[in-house]
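Peer 1: Take this sequence and fold it.
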Amino acid sequence: MVMGVRDATPAEGAGPPPRVSVLGSVSCEIDSEPVDLGPRRQRAVLARLVAGQGRVVSTDRLIDDLWNGEPPPKALAGLQVQVSNLRRVIEPWRPPRAPATVLVSEQPGYALRLPRAAVDAWAFESVVAAAEPVEPVRRLDDLDAALRLWRGEPYGVFSGETWAQPEVARLQDLRRSAVEQWAALAVDHGQAPQVAQMLPAECEDQPTREEFFRLLALAQYRLGRQADALGTLRRLRSFLADELGVDPAPAIPSPVRAAFSTRSQSDTLTYRVTIGNTALSSSAMCSASNSWVRANASASSAETRLSPSLALANASTRLRRSPSSPSSSAWSSCSSRTSMAAPAEDSRIGHTTSSSTV
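Peer 2: Residues are numbered from 1 along each chain as shown. As a prediction, this is how the structure comes out:
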């Protein structure tokens, strides 16, 4: 059970439990058929009880929240009418004058008694917070199904209400965590195209969420889009430097380190320098070499460095041997633009210069 969420099972003889949705507009279904929850404040009562996560919400708190701290003289009577109307809608099988089993009265107020699976926000949280270890493929499927529950802004038109704002923020943070978990598993299980399609919007929305950028770049690299992967990491580095004056965390490789190979079992990222790959064009090689020049100018002396001149020379030699290689004049032009004083060169540098784990 998720901490703070009180679970419940339908009473004996009761009909199918209603399914309440708040990950988007507030709505309710019974047997897959939508039900009319009534006017705005009546729907707000149900939404407020969902935000209570199965706990009792006092009548005083409900009145204060629903009328934004300025209740009318007959607010309590109005609340009781709305609760009564909601009960008829979400418990249509309940005999007259029988005690409610879903929207229950419990001192000092009301509570929603439903299984966690019957409320989308509760079900989503249960999946994301699951502590029991499961097979990665099953976990991937669970996260995918949980993310599909989202239809829009949590609590819909009530998302801006004072009572809803903390819950909306909490759910959105849970969703970001779920996206990270899903993407990490998906990119390792042949779903790099889906990750590359989903994460750009997440990166745009959360420009400081470094893991989004790392996973997007990894997915792009797996798809053979090395230039896009480099661009993704450059955008992150530039934003953090310009807006916050910080560098990416160690788990985020510098854009000039070029490419990734695989994630190790310890969930660290292994990357290899691939300057000199015969598939690179002269313009791509110039861009990569220029990036190395800029990075090496500010890098710590303790950091492993690649000599741009040697990388470029190695790449030039390989590409000249290829029938489709660019002309030597193009490489000469590129070399002249990227010349700089280089550190001592490792004689082993070739197609793959070095490997490192961040």
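Peer 1: the strands in the chain, which residues?
Peer 2: 19-21, 27-30, 33-34, 57-58, 103-106, 109-112, 259-263, 269-272, 355-357 (DSSP state E).
Peer 1: now that we're looking at P108, which residues does it contact?
Peer 2: With contacts defined as C-beta atoms under 8 Å, 6 or more residues apart in numbering, P108 is in contact with 56, 58-60. The way it works is simple: take the backbone N, C-alpha and C, and place the C-beta from them, glycine included.
Peer 1: Would you mind measuring from it to R55?
Peer 2: Computed as C-beta to C-beta, to the nearest Å, the P108 to R55 distance reads 12 Å.
Peer 1: isn't V45 right next to S84, touching?
Peer 2: No: the pair V45 / S84 is not scored as a contact, 10.6 Å apart, by C-beta atoms under 8 Å.
Peer 1: Which of these two has more residues huddled nearby?
Peer 2: More neighbours surround V45 than the other of V45 and S84, with 23 against 11 (other C-beta atoms under 10 Å).
Peer 1: Now for the residue nearest to that one when sequence neighbours are not counted: which residues touch it?
Peer 2: The shortest distance from V45 to any non-neighbouring residue, by C-beta to C-beta, 6 or more residues apart in numbering, is to Q82 (5.0 Å). Shown in contact with Q82 (C-beta under 8 Å, 6+ apart): 38, 41-42, 45.
Peer 1: Nearest to V119 among the residues you listed?
Peer 2: For these, the closest approach to V119 (C-beta to C-beta) belongs to V45, at 14.7 Å.
Peer 1: Low-confidence bits of this protein, can you list those?
Peer 2: The chain contains residues with pLDDT under 70 at 1-14, 250-358.
Peer 1: Mind naming the longest helix for it?
Peer 2: helix 165-187 (DSSP state H).
Peer 1: and for it, what are the contacting residues?
Peer 2: Residues outside helix 165-187 that contact it (C-beta under 8 Å, 6+ apart) are 23, 51, 121, 124-125, 127-129, 136, 139-140, 143-144, 146-147, 150, 153-155, 159, 192, 194-195, 198-199, 202, 206, 209, 211-212, 215-216, 218-219, 222, 267.
Peer 1: please redo it, this time with the cut-off set to 7 Å
Peer 2: Here helix 165-187 makes contact (C-beta atoms under 7 Å, 6 or more residues apart in numbering) with 51, 121, 125, 128, 136, 139-140, 143-144, 146-147, 150, 154-155, 159, 194-195, 199, 202, 206, 209, 211-212, 215, 218-219, 222.
Peer 1: Please export the alpha-carbon coordinates of it; PDB is fine.
Peer 2: Only the C-alpha atoms of helix 165-187 are listed here, as PDB (Å, rounded to 0.1, in the frame of the first residue of the first chain):
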ATOM      1  CA  GLN A 165      -1.900  23.000  -6.000                       C
ATOM      2  CA  PRO A 166       0.300  20.900  -3.600                       C
ATOM      3  CA  GLU A 167      -1.200  17.700  -4.900                       C
ATOM      4  CA  VAL A 168      -0.800  18.800  -8.500                       C
ATOM      5  CA  ALA A 169       2.800  19.600  -7.900                       C
ATOM      6  CA  ARG A 170       3.400  16.300  -6.200                       C
ATOM      7  CA  LEU A 171       1.700  14.300  -9.000                       C
ATOM      8  CA  GLN A 172       3.700  16.100 -11.600                       C
ATOM      9  CA  ASP A 173       6.900  15.300  -9.800                       C
ATOM     10  CA  LEU A 174       5.900  11.700  -9.600                       C
ATOM     11  CA  ARG A 175       5.200  11.700 -13.300                       C
ATOM     12  CA  ARG A 176       8.700  13.000 -14.100                       C
ATOM     13  CA  SER A 177      10.200  10.300 -12.000                       C
ATOM     14  CA  ALA A 178       8.000   7.700 -13.800                       C
ATOM     15  CA  VAL A 179       9.100   9.100 -17.200                       C
ATOM     16  CA  GLU A 180      12.800   8.800 -16.200                       C
ATOM     17  CA  GLN A 181      12.300   5.200 -15.000                       C
ATOM     18  CA  TRP A 182      10.400   4.300 -18.200                       C
ATOM     19  CA  ALA A 183      12.900   5.900 -20.500                       C
ATOM     20  CA  ALA A 184      15.900   4.200 -18.800                       C
ATOM     21  CA  LEU A 185      14.300   0.800 -19.200                       C
ATOM     22  CA  ALA A 186      12.800   1.500 -22.700                       C
ATOM     23  CA  VAL A 187      16.200   2.600 -24.200                       C
END
